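Asker: below: sequence and its predicted model.
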Amino acid sequence: MADTTISVGLEVRSANNPDIVGDLGTEAGYSFGLLQLLRAGVQEEILKPQNMISNAFEPANLQMTENSWAGFIVGEISACEPLDSPDDSTRQKCEALVKQQIQWAAHLGLSSVIFTCPSMDGGLNFPRVVGRALGMLGYTQAWVRITVTKRDTEAWKKWNVLRTLCEHNPKLVVALELGPELPNESFLQQWLAEPVRTVILSTTSFISNKKGFPVLSKAHQSFLRQLMELNVQVVISTECIDEKLNAAGGIAAYQQYIRHIYRTRPELGIVDQFASGYHDYLQSPLQPLMDNLESATYEVFEKDPIKYQEYERATYRALLDRVPDNSDIVTVLMVVGAGRGPLVQRALQAAENAKRKVKLYAVEKNPNAIVTLRARKEEEWGDLVEVVHCDMRYWEAPEKCDILISELLGSFGDNELSPECLDGAQRFLKDSGISIPSSYTAYISPMSSTKLYNEVSSYKDLEHMETPYVVKFRAVHELAEPKAVWRFDHPDRKVVMDLGSPNFNNHNTRYSTQRFQTKTDSMMHGVAGYFESTLYKDVMISIHPKTHSPGMFSWFPIFFPLKSPLYLPANSYVDIHFWRLCDARKVWYEWTAIPVTQDGQTKTCTAIVGAASSIHNIDGRSSWIGL
Ligand SMILES: C[S@@+](CC[C@H](N)C(=O)[O-])C[C@H]1O[C@@H](n2cnc3c(N)ncnc32)[C@H](O)[C@@H]1O
């Protein structure tokens, strides 16, 4: 496990001096502290009708009068609750108080301030004031404290209103306070797609173990471990530090316990180890047809422990089925898009294991990969293998093959143009021949991820919002299980290629609409894409979350963003429309999502077209794959 430390902070709610939190906190092993910027009672005093707001910033009213603890303290902003007071004077005074605190925090150079999110039942002045504060904060981050409890299942909705009205500002992040009892799983999972920076745990949310040391319930531990994967920090919140704390080990025991939980997280699986550093990182999908892949890219593919094993298994099974035992028949294999030769090697191994005689052609269009293939022929394969430098779509093969082996798959199955390449290659597959893979299916599901949405929108242009990205998901919440959108089968004998016609590729266009039902209130930020492929009979490879080939890491999911996030109430429906389109030079995807309401009585569904996202990437204007 790469990272072995977690930052744990301390909040002493009764503290009236930064030295208390600072000295006690550092002594007890805490990395930072939370402290009210205004002294207790100041807010109430200022709100009295006879008092003027201009008196609020007397040094005597402030907890921090200079910046000696500025690197340690996160400043708590008072006067948030009455921001929605119906009384004009109270509201205006609170607004001025908040503004002064923000300016003071920025002046001191605090790294973060924290607002406590009020109920917002009385109005929306709090989001307006926070939105304005975000513009004043410079480099200081704004945390908003939101408490999740078993009874209050509206916490996420409050956050959603706040961040929506603050225009999804990435400086606004969540400090999630976990109450003593947690709501059910679905109300917790939705937080995994949000920018949770900090988890706040009151000492009263801990229980004691047999020796009297503070520990968390199993439910808290499990959720905390999931949040730890998002690189959160933790704050221990206590009313005061004295004998009432009633825990063996004193206040230090809480941070020691949190660090213990962090250190003892389960070992990463092989896929996560490989993906370390790539979580939620947007990558442009490869275009192996239009571009020539680099050696380092092939090297990464070749480390996959599962993909090649499954191809070998598929080839072995196909050879056994095709040729009887003890036969002298020579089976012609062609590996098209052979790269640096790993599938050639596996096909030869399969033939040896199956005790079948084979002859193999390795076809590749990348001139650099051809150098490696020729070197391997000389050093390893000899006359068994013929290396052909050619685009498979135009190669005039000297003979037809029995088994056509390719791996031209992208995260969405067909997005590296396997259908178009194999249309060409199937010309030299015997009528009874076998294609490995024999099919692949693309899947989609609606997803929520503030992190990914912020990453894409930070480019501030249309092109990035209409481009799919390959991403190893982490801060992502899938709103429903994936559904299949389309499938390609090989060989496809119905295909008649008329390369002279501009519409020669029309048979590879697709259009599909899928309806999904959401479980909880959610914000949809985009569509997740996956594939499943049948290599031969029951030999499969998959990155679909439910059927993912264990340990296979060659493909991360694909993410199609939505330009504007879509609010979906619990148990509502959303239709996702997806197109695969092409012209003579390129292939591209278009997509849109439309919320759907269902009449409670008649169960009739109506698309709320007015709330739909627009159709993304019309005519491939922002992203496409070159033929
Ligand atoms: C995803 S890589 C797979 C490489 C190798 N088979 C492996 O599994 O490690 C796809 C390979 O197909 C090649 N390729 C793509 N389109 C091709 C075409 N039309 N004709 C020949 N080679 C092609 C690319 O250059 C690349 O080497």
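Answerer: Done, it's in. Computed from a predicted model, the values in this text were never measured in an experiment. Residues are numbered from 1 along each chain as shown.
Asker: ok, residue 481 - contacts?
Answerer: Residue 481 sits next to 445, 546 when contact means Cβ atoms under 8 Å, 6 or more residues apart in numbering. Every residue, glycine included, has its C-beta placed from N, CA and C.
Asker: would you point out which residue is most central in this structure?
Answerer: residue 473 (3.0 Å; Cα atoms, centre = their mean).
Asker: distance of that one relative to the ligand?
Answerer: Taking Cβ to the nearest ligand atom, to the nearest Å as the measure, residue 473 falls 21 Å from the ligand.
Asker: repeat that for residue 253.
Answerer: 52 Å.
Asker: tell me the contacts of the residue nearest to the centre of the chain?
Answerer: Contact analysis of residue 473 by Cβ under 8 Å, 6+ apart lists 279-280, 447, 449, 528, 556-557, 559.
Asker: hey, what's the closest residue to residue 529 other than its chain neighbours bridged with?
Answerer: Counting by Cβ to Cβ, 6 or more residues apart in numbering, residue 529 lies nearest to residue 558, which is 3.9 Å off, once chain neighbours are set aside. Assessed by DSSP bridges, residue 558 has beta-bridge partners residue 470, residue 529.
Asker: so what's residue 558 scoring on pLDDT?
Answerer: pLDDT recorded at residue 558 is 98.
Asker: thinking it is in contact with residue 543, fair?
Answerer: No. The pair formed by residue 558 and residue 543 falls short of the contact definition of Cβ atoms under 8 Å, at 9.3 Å.
Asker: where do the contact lists of the two overlap?
Answerer: 411, 530.
Asker: so which of the contacts of residue 473 wins on neighbours?
Answerer: Counting neighbours by other Cβ atoms under 10 Å, residue 449 leads the contacts of residue 473 with 29 neighbours.
Asker: list the contacts for that residue?
Answerer: By Cβ under 8 Å, 6+ apart, the contact list for residue 449 reads 193, 280, 473, 475-477, 525-526, 559.
Asker: quick check: closest non-adjacent residue to it.
Answerer: residue 476 (4.3 Å).
Asker: rewinding a little: ok, the residue nearest to residue 529 to residue 63 distance?
Answerer: Taking Cβ to Cβ, to the nearest Å as the measure, residue 558 falls 49 Å from residue 63.
Asker: neighbour count winner among the two?
Answerer: The neighbour count for residue 558 versus residue 63, taken as other Cβ under 10 Å, is higher for residue 558 (26 against 21).
Asker: contacting residues around the more buried one?
Answerer: 285, 410-412, 415, 468-471, 528-530.
Asker: what about the helices in the stretch 301-450 of the chain?
Answerer: Per DSSP state H, counting those that start in this stretch, the stretch 301-450 of the chain has helices spanning 307-322, 342-354, 367-376, 418-425, 450-457. These are given in chain order.
Asker: mind listing what's buried along the longest helix seen in the chain?
Answerer: Longest helix in the chain, counting residues (DSSP state H): helix 88-108. Of all the residues in helix 88-108, those buried under the rule 16 or more other Cβ atoms under 10 Å are 90-91, 93-95, 97-102, 104-106, 108.
Asker: please state the offset of the helix or strand hosting residue 219 from the chain centre?
Answerer: For residue 219, the host element (DSSP states H and E) is helix 218-228. Centroid separation for helix 218-228 versus its chain: 19 Å, with Cα atoms, centre = their mean, to the nearest Å.
Asker: show the average pLDDT along that helix.
Answerer: pLDDT averaged over helix 218-228 gives 96.
Asker: helices and strands around that helix, which ones?
Answerer: The contact analysis (3 or more Cβ pairs under 8 Å, 6 or more residues apart in numbering; DSSP states H and E) places helix 218-228 against strand 172-178, strand 196-202, helix 252-263.
Asker: got JSON lines for those, with mean pLDDT and mean neighbour count too?
Answerer: As requested, the helices and strands packed on helix 218-228 are exported to JSON lines (pLDDT from 0 to 100; neighbours: other Cβ atoms under 10 Å):
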{"stretch": "strand 172-178", "mean pLDDT": "97", "mean neighbour count": "23"}
{"stretch": "strand 196-202", "mean pLDDT": "97", "mean neighbour count": "21"}
{"stretch": "helix 252-263", "mean pLDDT": "96", "mean neighbour count": "18"}
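Asker: residues from this structure in reach of the ligand?
Answerer: Residues of the chain lying close to the ligand by Cβ under 6 Å from any ligand atom are 288-289, 293, 298, 301-302, 336-339, 342-343, 363-366, 369, 391-393, 407-408, 421.
Asker: now that we have these, which of them are buried?
Answerer: Buried by 16+ other Cβ under 10 Å: 288-289, 293, 298, 301, 336-339, 342-343, 363-366, 369, 392-393, 407-408, 421, out of these.
Asker: quick revisit: from the contacts of residue 449, which land in strands?
Answerer: Among the contacts of residue 449, the members found in strands (DSSP state E) are 477, 525-526, 559.
Asker: how far away is the residue nearest to residue 529 from the ligand?
Answerer: Applying Cβ to the nearest ligand atom, the value for residue 558 to the ligand is 15 Å.
Asker: kindly report the same for residue 139.
Answerer: Residue 139 is 43 Å from the ligand, by Cβ to the nearest ligand atom.
Asker: and residue 34, that one's in a strand?
Answerer: Yes. Judged by DSSP: H, G, I helix; E, B strand; the rest coil, residue 34 forms part of a strand.
Asker: pLDDT score for the nearest residue to it once chain neighbours are set aside?
Answerer: Nearest residue to residue 34 in three dimensions, chain neighbours excluded: residue 11, at 3.8 Å (Cβ to Cβ, 6+ apart). For residue 11, the model assigns a pLDDT of 95.
Asker: same question for residue 17.
Answerer: For residue 17, the model assigns a pLDDT of 78.
Asker: residues in contact with the closest residue to it other than its chain neighbours?
Answerer: In space, and not counting its chain neighbours, residue 17 is closest to residue 63: 6.5 Å by Cβ to Cβ, 6+ apart. Residue 63 makes contact with 15-18, 35-39, according to Cβ under 8 Å, 6+ apart.
Asker: dump those residues into CSV; add secondary structure and distance to residue 234 as well.
Answerer: Converted to CSV, the contacts of residue 63 look like this (DSSP: H, G, I helix; E, B strand; the rest coil; distance: Cβ to Cβ, whole Å):
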residue, secondary structure, distance to residue 234
15, coil, 18
16, coil, 24
17, coil, 23
18, helix, 20
35, strand, 17
36, strand, 20
37, coil, 22
38, strand, 25
39, coil, 26
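Asker: need the buried ones from these selected in ChimeraX.
Answerer: Here is the ChimeraX command that selects the buried residues among the contacts of residue 63 (16+ other Cβ under 10 Å):
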select :15,18,35,36,37,38,39
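Asker: that older thread, of the ones in strands among the contacts of residue 449, closest to the ligand?
Answerer: residue 559 (19.7 Å; Cβ to the nearest ligand atom).
Asker: quick check, the closest one in contact with residue 282.
Answerer: Yes. Counting by Cβ under 8 Å, residue 559 does reach residue 282; the two are 7.5 Å apart.
Asker: need the residues touching each of those two.
Answerer: Contact criterion Cβ under 8 Å, 6+ apart; residues shared by residue 559 and residue 282: 452, 469-471.
Asker: nearest to residue 171, of those?
Answerer: residue 452 (17.2 Å; Cβ to Cβ).
Asker: what pLDDT does residue 151 get?
Answerer: You'll see residue 151 listed with a pLDDT of 86.
Asker: quick one, domains of this protein?
Answerer: For the chain, the TED database gives the domain ranges 8-266, 295-407, 441-626.
Asker: now for whichever residue of the stretch 51-200 of the chain sits closest to the ligand, how many residues are close by?
Answerer: Relative to the ligand, the nearest point of the stretch 51-200 of the chain is residue 193 (30.3 Å; Cβ to the nearest ligand atom). The number of residues packed around residue 193, counting by other Cβ under 10 Å, is 26.
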